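Asks: Quick one: sequence and predicted model below, then my questions.
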Amino acid sequence: MLTAPDVAAPTGARRRAFIWLAAALVLTLAGTGAVIAANATVFGAASFVRIYLDALARGDAAEALALAGVASDDVSPDITLLSSAALAPFELGEVRETASRDGRHEVTATWTVGTEEHETRFTVERVGTTAGLFASWAFVVSPLATLDVTLEHEDRVQVNDLDLVTASITAAPHRFAVFVPGRYTLQHDSRWLTSDAVTVTADQVGTTLEAAVDVRANEDLLAEVDRTAREFLDDCAAQRVLFPPGCPFGETVNNRVLGEPVWSIDAYPEITIVGTSGEPRWHSGPDQGIAQVTVEVQSIFDGSVETLERNVRFPMEFEIHISRGDRLTLVTVDPYAG
């Protein structure tokens with residue numbers, strides 16, 4: 001079971017220093033009007049949302065999570081992605097209060113990632129004061145979204161700069177909480193496996209996004225299985241018997257065998273590698289190859305002697321095991337077993 005990431009204490013010292021500095025300034029100005037002005041600007045709804053957005057833009061998940069209303073004890077999705085490593089940078093634009101009703105304030109923010117500009121709305125409310133003077137705020141609706149992630153054939157994926165491992169992803173979509181706004185790129189890239197990158201953009205709070213990552217064998221794995229298959233088949237062909245033990249080919253001859261059979265590989269299998277749906281398991285084939293056997297035989301009917309040459313089609317199949325450390329183990333599947 002995945003546990004929540006460690007969340008460091010918010011950068012409260014900096015914020016407290018700012019608050020008391022502002023308080024001193026207001027007291028210096030010595031006026032109720034100054035407090036009202038500060039609550040409408042520096043300590044207003046838009047400023048509260050900007051603190052959250054600034055934290056995300058610079059990759060500080062801990063500070064964003066520490067703000068009132070961002071996270072709660074009853075958040076059901078997995079919160080592993082609520083971490084700094086899973087955040088991608090974006091450029092923050094205008095943040096402004098656009099509506100106010102029944103004590104709730106709507107704040108709209110524009111932000112840009114790459115060449116795309118987005119607009120996100122937040123709802124906040126006043127929940128008290130700080131230092132007895134300045135408005136305190138909280139999100140009415142948590143500024144999070146959910147991301148349903150499905151992995152095919154593997155249980156490891158990288159989300160931006162976060163390496164994520166969870167076996168439950170391969171069984172069914174796994175639901176994660178993610179910050180809004182945010183752009184999340186999911187991809188698998190390891191020693192033997194790869195995938196296309198899948199990018200989703202969370203620009204509206206409370207929405208559900210989906211990302212399906214189909215992991216496949218990379219060129220290195222295909223080359224390694226092909227090399228192993230060729231070496232294995234060459235060793236089989238070197239055996240001077242009609243049925244080389246442990247090998248995928250053999251031939252029955254009804255006449256008397258006079259000499260040692262000689263095998264050669266006419267066509268090596270073209271390797272294909274597929275994963276097991278819903279599981280981080282892999283296998284190759286069965287892929288077809290062609291071997292040729294040459295042997296001198298004598299007819300049991302008339303005693304005539306001839307050199308027999310036959311092409312023998314055979315299947316080649318491996319079970320492929322890839323450990324957490326990307327150690328590769330190939331196990332040949334006996335086509336005659338069972």
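Replies: Good, I have the coordinates. Quantities reported herein were computed from a predicted structural model and do not represent experimental measurements.
Asks: Can you read off the pLDDT for the most centrally placed residue in the chain?
Replies: By CA atoms, centre = their mean, the mean C-alpha position of the chain lies nearest to residue 157, the distance being 2.5 Å. The per-residue pLDDT reported for residue 157 equals 94.
Asks: Now for it: which residues touch it?
Replies: Taking CB atoms under 8 Å, 6 or more residues apart in numbering as the contact definition, residue 157 lies against 149, 151, 164, 169, 186-188, 195, 213. For every residue, glycine as well, the C-beta is placed using N, CA and C.
Asks: Same list (the residues you listed) but as CSV, adding secondary structure, neighbour count and pLDDT.
Replies: Listed next are those as CSV, based on DSSP: H, G, I helix; E, B strand; the rest coil; neighbours: other CB atoms under 10 Å; pLDDT from 0 to 100:
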residue, secondary structure, neighbour count, pLDDT
149, strand, 25, 94
151, strand, 27, 89
164, strand, 23, 92
169, helix, 23, 70
186, strand, 22, 97
187, strand, 16, 97
188, coil, 24, 96
195, coil, 22, 96
213, strand, 22, 94
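Asks: for the stretch 201-338 of the chain, what spans make up the strands?
Replies: For the stretch 201-338 of the chain, the strands identified by DSSP state E, counting those that start in this stretch occupy 208-214, 216-217, 256-257, 262-267, 273-275, 282-298, 305-322, 328-332, in order along the chain.
Asks: Domain map for this structure?
Replies: 12-141, 145-216, 219-332 (automatic domain parsing).
Asks: Give me the neighbour count for the closest residue to residue 48 other than its chain neighbours.
Replies: Setting aside the residues directly before and after it, residue 48 is nearest to residue 137 in space (CB to CB, 6 or more residues apart in numbering), at 3.9 Å. With neighbours defined by other CB atoms under 10 Å, the count for residue 137 comes to 25.
Asks: what's near enough to touch the closest residue to residue 167 other than its chain neighbours?
Replies: Among residues not flanking residue 167 along the chain, residue 155 sits closest, at 4.9 Å (CB to CB, 6+ apart). Counting by CB under 8 Å, 6+ apart, residue 155 makes contact with 165-167, 169-170, 280.
Asks: what separates residue 155 from residue 163, distance-wise?
Replies: Relative to residue 163, residue 155 is positioned 12 Å away (CB to CB, to the nearest Å).
Asks: now do residue 234
Replies: Applying CB to CB, the value for residue 234 to residue 163 is 39 Å.
Asks: hang on, the earlier thing: can I get the strands of the stretch 201-338 of the chain in TSV including distance to residue 58?
Replies: Listed next are these as TSV, based on distance: least, CB to CB, whole Å:
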stretch	distance to residue 58
strand 208-214	23
strand 216-217	36
strand 256-257	79
strand 262-267	59
strand 273-275	38
strand 282-298	40
strand 305-322	37
strand 328-332	40
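Asks: can you tell which of those strands is closest to residue 60?
Replies: Ranking the strands of the stretch 201-338 of the chain by proximity to residue 60 (CB to CB) places strand 208-214 first, at 22.5 Å.
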